[in-house]
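[1] predicted structure and sequence below. I'll ask about it afterward.
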Amino acid sequence: MTLSGFDPVLWLSDPDAAIPSRIGPKAATLAKLRQAGLPVPEGFCLTAEAYQAHLAAAGVEKTAWQVALADPPEARRLAVAVRLGLLRASLDSVIEESLMTAWRRLVAPPDALVAVRSSALVEDTLATSFAGQFESFLGIATEADFLTAVRGCWTSLWSTRALRYLRTHQMDPAGTAMAVLVQRLVEARAAGGALSQTADGGLLLTGTWGLGSAVAQGEVVPDRYLLGRDGSLREVEPGRKDRRVTCTPEAGAVPEAVAAELIEAPCLSPAQAVELGRLVLTVESLLGTPVEVEWALGTEGLQILQARPLRVAARQAPDELGRQHPGLTGQPAGVGWGSGPACVVTREHDLHRVAIGDVLVT
């Protein structure tokens, strides 16, 4: 595959950027929201065509198609060969020139940090979210680190965890592609997530000090804000946020201790929580479906970092058989079989009750 005739880079403000088949649903959704006037950080995307061209130029396209057909040990060996090919092959001159031109435009003036994020064509859909399966790199400051991060996103499609997820959903990694989303990093005072609909019909916000990766990695117990569908704030439950993640040009993303008086202090004021709730409901309205949102609060106010469809299961009334033989259904979070005491967790504050050997139910 060649890249002659079109630019492998699309800015989020470009009308073509709202096409998921070119830059993945994650990036395309952000492009749609930004073009609708919502606060989404400026950025661009290296297209799926660029990935496919690099895969072919690396000489591992045929190997890639063999992975899904092989038994697990051979599939892992073949996947390693694909990753090494993507890492070692020189970038096509068209890709590199377009990529570096966009990079320099995005980071001007100097010292601006960026986030480099995977945006696979198969993620952030109703059927498959791929949450946490692919790589993101925060606080990228140099051209060398930037190019390495782009390759890191490409190769994450072939990681063991991503291949297991793909196999579970009967998907062939060679039949999809990996675009790469590059945005200015929000110097977040606070960040977190949001669900536009909860099981009881409300709206839930979670947040912590600094970058939201501390929440995603389970390093803190985030604050919880429950709002009604009318946008009213109904409940605030402070978390335990003893650390935060910040970024510097020299060290990238680093954890640091939080002042004692801030550990259980809410990271959003009531007014900010209400404003964020309205923003989340606007995202839901624009996308026409319940959503899970990632947000950050920086010097320019609240920013939307990601929005994916949220599956909300309808409540089912238990039948007579269910009353006689109670059981659980859901999504397993581990591989294999195990046994132990069941520990039911309804919110992050309950996690201290989980002991080694327990089966976590949430």
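    On my side now, so go ahead.

[2] list the helices and strands the helix or strand where Leu30 lies packs on?
    Per DSSP states H and E: Leu30 is located in helix 20-35. In terms of contacts (3 or more CB pairs under 8 Å, 6 or more residues apart in numbering; DSSP states H and E), helix 20-35 is packed against strand 9-11, strand 43-46, helix 48-57, strand 114-120, strand 178-184, helix 270-287, strand 301-309. The C-beta positions use only the backbone N, C-alpha and C, and glycine is treated the same way.

[3] Throw these into a markdown table and include mean pLDDT and mean neighbour count, thanks.
    A markdown table is the format used below for these (pLDDT from 0 to 100; neighbours: other CB atoms under 10 Å):
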| stretch | mean pLDDT | mean neighbour count |
| --- | --- | --- |
| strand 9-11 | 96 | 23 |
| strand 43-46 | 97 | 27 |
| helix 48-57 | 96 | 21 |
| strand 114-120 | 94 | 26 |
| strand 178-184 | 96 | 26 |
| helix 270-287 | 97 | 18 |
| strand 301-309 | 96 | 21 |
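
[4] quick one: closest of those to Asp200.
    Nearest to Asp200, of all the helices and strands packed on helix 20-35, is helix 270-287, at 15.3 Å by CB to CB.

[5] and the closest residue to Ala191 other than its chain neighbours, how many residues sit next to it?
    Spatial nearest neighbour of Ala191, chain neighbours left out: Gly212 (3.5 Å); criterion: CB to CB, 6 or more residues apart in numbering. Using other CB atoms under 10 Å, Gly212 has 24 neighbouring residues.

[6] now the phi/psi pair for Gly212, please.
    The phi and psi torsions at Gly212 (degrees, to the nearest 10) take the values phi -70, psi -10.

[7] thought it was touching Leu297?
    No - judged on CB atoms under 8 Å, Gly212 makes no contact with Leu297 at a distance of 10.1 Å.

[8] show me where the stretch 251-362 of the chain has its strands.
    252-257, 291-298, 301-309, 342-344, 359-361 (DSSP state E, counting those that start in this stretch).

[9] pLDDT averaged over the last one, what's the number?
    Translated: strand 359-361. For strand 359-361, mean pLDDT rounds to 88.

[10] direction included, what does it pair against?
    Strand 359-361 pairs in its sheet with strand 342-344 (parallel), by DSSP bridges.

[11] enumerate the positions of the partner strand that are buried.
    Within strand 342-344, the residues scored as buried using 16 or more other CB atoms under 10 Å are Cys343.

[12] and that strand, what's its mean pLDDT?
    Per-region confidence: strand 342-344 scores 90 on mean pLDDT.

[13] just how off-centre is that strand within its chain?
    Relative to its chain's centre, strand 342-344 lies at 27 Å (CA atoms, centre = their mean, to the nearest Å).

[14] ok, now stretch 351-362?
    In terms of CA atoms, centre = their mean, the centre of stretch 351-362 is set 25 Å apart from its chain centre.

[15] so which bits of it are buried?
    Buried residues in stretch 351-362, defined by neighbour count with 16+ other CB under 10 Å: Val354.

[16] mind putting the helices and strands packed on helix 20-35 into a markdown table with distance to Val254?
    Below are these laid out as a markdown table (distance: least, CB to CB, whole Å):
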| stretch | distance to Val254 |
| --- | --- |
| strand 9-11 | 30 |
| strand 43-46 | 23 |
| helix 48-57 | 30 |
| strand 114-120 | 15 |
| strand 178-184 | 19 |
| helix 270-287 | 25 |
| strand 301-309 | 19 |
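
[17] among these, which is nearest Glu237?
    Each of the helices and strands packed on helix 20-35 has some distance to Glu237 by CB to CB; the shortest is helix 270-287, at 11.6 Å.

[18] flag the helix or strand of the protein with the lowest per-element mean pLDDT.
    Of all helical and strand segments in the chain, the minimum by mean pLDDT, DSSP states H and E falls on helix 320-324, at a mean of 66.

[19] picking up where we left off before, looking at the helices and strands packed on helix 20-35, which is closest to Leu226?
    Of all those, helix 270-287 comes closest under CB to CB, at 9.5 Å.

[20] for Ser285, give me its contacts.
    By CB atoms under 8 Å, 6 or more residues apart in numbering, the contact set of Ser285 is empty.
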